[in-house]
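Q: The sequence and its predicted three-dimensional model are supplied below.
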Amino acid sequence: MDEDVVIVGGGHSKFGKRKGLGIRELAFEAVESLLKDFNMGLEDIDASVIGIAGEEFSGQGAPAAVINDEIGMAGKPTLRVESACATGTAAIKAAYGWIKAGFYDSVLVLGVEKMTSVSSARATELMARAGDVRWESPYGCTFPGYYALFASAHMKEYGTTKEMLSAVGVKAHHYGAMNPLAHLQKEVSLSEAMNAVPIAHPLNLYDCSLISDGAAAVVLTRESIAKKFTDTPIKIKGIGSGSDTMQVAQRKSLTSLQGAKDAARKAYKMAGITPNDVDVAEVHDCFTIAEIIATEDLGFFEPGQGGPAVLDQQTYIGGKIPVNVDGGLKSKGHPLGATGVSQAYELRKQLLGEAGKRQVDGATIGLSHNVGQSGQFVNVIIYGRD
Amino acid sequence: MSVSRVNLSMLSSTEGIEMSEQQAIKFGYITYEETVPLTSEFAQNLLEGKIVGKVCNNCKAKYLPPRNGCSKCFSRDLSPFEVSPEATLKAFTVIHFPPESFADKAPYIVAIGEFEDGTAVLAHLTGMTAMPQVGMKIKLVGQKIAQDRVVYKFVKV
């Protein structure tokens, strides 16, 4: 299949603590939202890919089947994809591959997670088990902990400060406050962000993404039949992926993610662009230090310049490269399996000029950077309006 | 399969686990997966004051923590090598909000220390009276914390 693969629709549930809703209701809400700007129902969709990171949160084993049924796709092929927090983009990549291989013309990608059904301590425990359970998890390192390790090394190497970390959180909440789908819609001051309760030094509450419930959906199809669904398809111009050692202690660098650098290089090459061509970026800010490292790994800033760039508002709208202007994982929320699909949803809105108060004027190229665990899974996807 | 056969097989497998658990020393503060001989052997060495990794006799790749086979050349021919415990602190964090099963331990320091031969591990760092400094000299020591359980931890030199 030599045609380009395009996104022809997007849907998004409200992210947050969605009491009373399970994974199937969250998935339904995302597809219901998708159908609102779609020319037709799901009858012309051939298959689904369901991204969901863990079943311990929802209690449902083999969760793709129940979701596929709930969204009216029972009888059509489905697949569950899991790559920890990079699950959503892995699902998009799987659907892209299916279409490129000629298996299906049109595929629905749905990412979902229900996380608030367990306590924060339990959720921390479940996520910590995605560390190496033989050699590292037995020492109680949490996911904030792994990124705090990176932060300590980044601070030592480049002089990154706590203020720079907190400034990432302040930006996230600034834009999250304008996003009606976000989990926490409130501004946070720098002093509030700097003085919040500690989680894993040097990271505090305002350095950490939220434990959220939510779902997001996109429809992928071949470019030649896109008109059937929409007049404004968005093209997938490049996809790159990478990984890294399982044990964080074995990393060659603790100040960058090799998998992200590899993924970015491949995605830029496939899309035929450079970092300077990107108009708006959605990066995996599971922690504030992760956004700083991401903007360096993606080539937006030199290593060590990601922190100062935030203080200088270079990642705000109007700056060098607007980053996470939907609130990011920090303020919009981080339902693991939904996150990568939510990035696609947001970038589609940006490239269509439909992002409202958060619109980056004239954006034609958007980049999504989605990281699983502490860099063991990375996908970078580049979307374009042409 | 009959009910009695199911019961019988459950009984025998339970006995098997109990027997191996009596012999096997566990590694770490908590065990998430079944303790395998590779881990208990590592823990036994630690109990004797030795940090023992594996080196591939074919391609010389070094593994600390140890592996049963070489992930680079797939040789099964690996020999033990001992690591000198002196290390440099590469990164650290203070865990204030722990996983559920570490609730009674927080706050604790998790650190990555790199040994002189370039190998590195993640462990707790204890005995600090001030905030650790990346680059400081530390040392890895083993500690028996229960009859059948051993941990390693970094201490300040």
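A: Structure's in. What do you need?
Q: residues from the stretch 201-350 of chain A in reach of chain B?
A: Residues of the stretch 201-350 of chain A lying close to chain B by CB under 8 Å from any CB of the partner chain are A:201-203, A:247-250, A:254. To be clear about C-beta, it is placed using only N, CA and C from the backbone, and glycine gets the same treatment.
Q: Show only the entries of the residues you listed found in strands.
A: A:201, A:203 (DSSP state E).
Q: between the residues of the stretch 201-350 of chain A next to chain B, which has the most around it?
A: Among these, the one with the most neighbours (other CB atoms under 10 Å in any protein chain shown) is A:Leu203, at 31 neighbours.
Q: my guess is it meets A:Tyr146, correct?
A: No: with contact defined as CB atoms under 8 Å, A:Leu203 does not count as touching A:Tyr146 (10.3 Å).
Q: lowest average confidence, helix or strand, in chain A?
A: helix A:120-128 (a mean of 88; mean pLDDT, DSSP states H and E).
Q: list the buried ones in stretch A:106-122?
A: Neighbour counts over stretch A:106-122 (16 or more other CB atoms under 10 Å in any protein chain shown) mark A:106-118, A:122 as buried.
Q: distance between the ends of it?
A: Distance between the boundary residues of stretch A:106-122 (CA to CA, to the nearest Å) amounts to 38 Å.
Q: Over to stretch A:275-293?
A: Terminal-residue distance, stretch A:275-293 (CA to CA): 15 Å.
Q: Next: stretch A:267-277.
A: Termini of stretch A:267-277 sit 13 Å apart (CA to CA).
Q: Dump the helix or strand containing A:Val341 to PDB, restricted to CA.
A: Per DSSP states H and E, A:Val341 falls inside helix A:336-352. Only the C-alpha atoms of helix A:336-352 are listed here, as PDB (Å, rounded to 0.1, in the frame of the first residue of the first chain):
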ATOM      1  CA  LEU A 336      -1.700   5.600  30.600                       C
ATOM      2  CA  GLY A 337      -3.200   3.900  27.600                       C
ATOM      3  CA  ALA A 338      -5.000   7.000  26.500                       C
ATOM      4  CA  THR A 339      -2.100   9.500  26.600                       C
ATOM      5  CA  GLY A 340      -0.500   8.800  23.100                       C
ATOM      6  CA  VAL A 341      -3.900   8.900  21.400                       C
ATOM      7  CA  SER A 342      -4.800  12.100  23.300                       C
ATOM      8  CA  GLN A 343      -1.600  13.600  21.900                       C
ATOM      9  CA  ALA A 344      -2.800  12.700  18.300                       C
ATOM     10  CA  TYR A 345      -6.200  14.200  19.100                       C
ATOM     11  CA  GLU A 346      -4.700  17.500  20.300                       C
ATOM     12  CA  LEU A 347      -2.300  17.800  17.400                       C
ATOM     13  CA  ARG A 348      -5.100  17.100  14.900                       C
ATOM     14  CA  LYS A 349      -7.100  20.000  16.500                       C
ATOM     15  CA  GLN A 350      -4.100  22.200  16.400                       C
ATOM     16  CA  LEU A 351      -3.400  21.400  12.700                       C
ATOM     17  CA  LEU A 352      -7.000  22.000  11.800                       C
END
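Q: Tell me the pLDDT of the residue lying closest to A:Pro63 once chain neighbours are set aside.
A: Closest residue to A:Pro63 apart from its sequence neighbours, by CB to CB, 6 or more residues apart in numbering or on different chains: A:Ile52 at 5.0 Å. Note on A:Ile52: pLDDT of 97.
Q: could you measure A:Ile52 against A:Ile92, distance?
A: For A:Ile52, the distance to A:Ile92 equals 14 Å [CB to CB, to the nearest Å].
Q: Hmm, A:Asp4 is touching A:Gly238, no?
A: No: with contact defined as CB under 8 Å, A:Asp4 does not reach A:Gly238; the gap is 10.9 Å.
Q: which of those two has more neighbours?
A: Neighbours per residue (other CB under 10 Å) separate A:Asp4 from A:Gly238, with A:Gly238 holding more: 21 against 17.
Q: Contacts only, for whichever residue of the stretch 101-250 of chain A sits closest to chain B.
A: Nearest to chain B, among the residues of the stretch 101-250 of chain A, is A:Pro138, at 2.4 Å (CB to the nearest CB). Going by CB atoms under 8 Å, 6 or more residues apart in numbering or on different chains, A:Pro138 touches B:27-32, B:151.
Q: Between those, identify the one with the most neighbours.
A: Counting by other CB under 10 Å, top hit in the contacts of A:Pro138: B:Phe27 with 25 neighbours.
Q: ok, that one touching B:Glu41?
A: No: using CB under 8 Å as the test, B:Phe27 is too far from B:Glu41 to be in contact (9.7 Å).
Q: What about residue 78, how many residues nearby?
A: In the absence of a named chain, this looks at chain A. Count around A:Thr78 with other CB under 10 Å applied: 20.
Q: should've been chain B
A: Residues contacting B:Leu78 under the criterion other CB under 10 Å number 20.
Q: per-domain residue ranges of chain A.
A: For chain A, automatic domain parsing gives the domain ranges A:5-118+A:212-234, A:143-208+A:236-384.
Q: re the thing from before, out of the residues of the stretch 201-350 of chain A next to chain B, which comes closest to A:Asn379?
A: Nearest to A:Asn379 among those: A:Val248, at 19.5 Å, using CB to CB.
Q: for that closest one, what are its contacts?
A: A:131, A:136, A:141, A:146, A:149, A:254, A:374, B:112, B:122.
Q: Which residues of chain B lie near chain A?
A: Counting by CB under 8 Å from any CB, chain B sits next to chain A at B:27-33, B:39, B:65, B:90-103, B:105, B:108, B:110, B:112, B:120-124, B:134-135, B:151.
Q: Quick one: buried ones out of these?
A: Buried among the residues of chain B next to chain A (16+ other CB under 10 Å): B:27-31, B:39, B:65, B:90-99, B:101-102, B:108, B:110, B:112, B:120-124, B:134, B:151.
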